[in-house]
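Undergrad: Provided below for reference: sequence and predicted model.
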Amino acid sequence: MIRYVFFAGVLAIVSSPIALAKDTAAPLNYFLHSAGPASSPTMVLGWVLTTVVAAVFLIITLLLTVALLRKRTVEDPQAIGPENQGMAWIYIGTGVSSCILFALVIYVLITLNTIANPTRTPALTLTVTGYDWWWKVEYEENDAARYFATANEIHIPVGEPVLVKLKSADVIHAFWVPLLAGKTQMIPGLVNRQWLEADVPGIYRGQCTQYCGLQHAHMGFEIVAQNPADFRKWLDEQRRDAAPSSALEVDTGKEFFMTHCSGCHSIRGLGAAGAHAPDLTHLTTRRLIAAGLLANTPENRIKWITHAQELKPGARMPSFALSSGEIAALSAFLSTLN
């Protein structure tokens, strides 16, 4: 039975990377793939550490197998041997393992130093603040008129290093985009820093990796890497104020929003300046809502508004009981936020 379990484990170890290699777009497939210079050194470090762990596993397994299969007679006076006979192997094993561990420590420190700073001045500076359980993203500018904030979706230009200042508004969170960079803690009262750079356009999944409460698993975000021209276009669009139409249903939805939602949410240009929940100025341009929980569709927006506590128990977003008319008006208004 032990033999079968052992071979099944080895088969799983060998086959898992092969299966992952077939899907390079897997959200957390960072062991075999890197999409930026800040993650490549840590990926190689992962390979080295995995190789060492696998080697130790195989050596110990081999020694245990030999010990189990070796035949000894009870009458053999040398079955155990003098106490000092096996000490040489203990000294050798301790010395070799200590040298290997010391070399690994040096390699880890070299890797940390390599990824500590970008090779050139960052083209963009962002401030990301972790909340229970969503992400506020602020695009810093010297000109206050060009400043804006968004939520749960970070756009960056391809081929350019981006400095990310990391804060927490409540408890300890951790910012991690596996294909682009390592993990960095977000500690209340401190500002930590990390840098990102994407080699190719794409959407890269990120996640909070420090347990932060009931909905920790539903605290995701996305990095959208765009070519520089598309990124500049996106920046210009995000800096605009909201401009909803003046249709009757839209006006009714706007009035409902300003009465019930503007205390927490903000929409630039409409006077809604809540600071406790995501900025919704350009809501419909985002792929996901609720920190990656739902696709951003009109149906899901209303589903989130009316069933937030069922979808994400413990979140600060309450569930609203709305009439069919209120749902239609609010949905019409939110659909104009592009």
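TA: Cool, the structure landed. Numbering: from 1, shown residues only.
Undergrad: alpha carbons only for contacts and neighbour counts from here, please
TA: Fine.
Undergrad: Restricting to C-alpha, output the host helix or strand of Leu330 in PDB.
TA: Secondary structure here is read from DSSP states H and E; on that basis Leu330 sits in helix 324-334. Coordinates of each C-alpha in helix 324-334 appear next as PDB, following Å, rounded to 0.1, in the frame of the first residue of the first chain:
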ATOM      1  CA  SER A 324     -38.800  47.000 -10.000                       C
ATOM      2  CA  GLY A 325     -39.000  50.600 -10.900                       C
ATOM      3  CA  GLU A 326     -36.000  51.500  -8.700                       C
ATOM      4  CA  ILE A 327     -34.000  48.700 -10.200                       C
ATOM      5  CA  ALA A 328     -34.700  49.800 -13.700                       C
ATOM      6  CA  ALA A 329     -33.900  53.500 -12.900                       C
ATOM      7  CA  LEU A 330     -30.700  52.700 -11.000                       C
ATOM      8  CA  SER A 331     -29.500  50.200 -13.600                       C
ATOM      9  CA  ALA A 332     -30.100  52.800 -16.300                       C
ATOM     10  CA  PHE A 333     -28.100  55.400 -14.400                       C
ATOM     11  CA  LEU A 334     -25.200  53.100 -13.700                       C
END
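Undergrad: element containing the closest residue to Thr125 other than its chain neighbours?
TA: Taking C-alpha to C-alpha, 6 or more residues apart in numbering, and ignoring the residues beside it in sequence, Thr125 has Leu163 as its nearest neighbour in space, at 4.8 Å. With secondary structure defined by DSSP H and E, Leu163 is part of strand 162-168.
Undergrad: in this protein, which spans are strands?
TA: Taking DSSP state E to define them, one finds strands in the chain at 124-131, 134-139, 148-151, 153-157, 162-168, 173-176, 184-186, 192-196, 202-208, 220-226, 266-267, 272-273, 288-289, 294-295.
Undergrad: now those in TSV, with distance to Ala116, mean pLDDT and mean neighbour count?
TA: Listed next are the strands of the chain as TSV, based on distance: least, C-alpha to C-alpha, whole Å; pLDDT from 0 to 100; neighbours: other C-alpha atoms under 10 Å:
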stretch	distance to Ala116	mean pLDDT	mean neighbour count
strand 124-131	16	95	20
strand 134-139	22	96	23
strand 148-151	26	94	21
strand 153-157	19	96	23
strand 162-168	11	96	22
strand 173-176	15	96	24
strand 184-186	11	95	22
strand 192-196	8	94	20
strand 202-208	19	94	21
strand 220-226	20	96	22
strand 266-267	35	94	22
strand 272-273	36	89	18
strand 288-289	31	95	22
strand 294-295	34	95	14
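Undergrad: Export those as JSON lines, with columns for distance to Leu322.
TA: Formatted as JSON lines, the strands of the chain follow (distance: least, C-alpha to C-alpha, whole Å):
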{"stretch": "strand 124-131", "distance to Leu322": "27"}
{"stretch": "strand 134-139", "distance to Leu322": "24"}
{"stretch": "strand 148-151", "distance to Leu322": "25"}
{"stretch": "strand 153-157", "distance to Leu322": "28"}
{"stretch": "strand 162-168", "distance to Leu322": "33"}
{"stretch": "strand 173-176", "distance to Leu322": "34"}
{"stretch": "strand 184-186", "distance to Leu322": "37"}
{"stretch": "strand 192-196", "distance to Leu322": "42"}
{"stretch": "strand 202-208", "distance to Leu322": "32"}
{"stretch": "strand 220-226", "distance to Leu322": "28"}
{"stretch": "strand 266-267", "distance to Leu322": "21"}
{"stretch": "strand 272-273", "distance to Leu322": "21"}
{"stretch": "strand 288-289", "distance to Leu322": "20"}
{"stretch": "strand 294-295", "distance to Leu322": "20"}
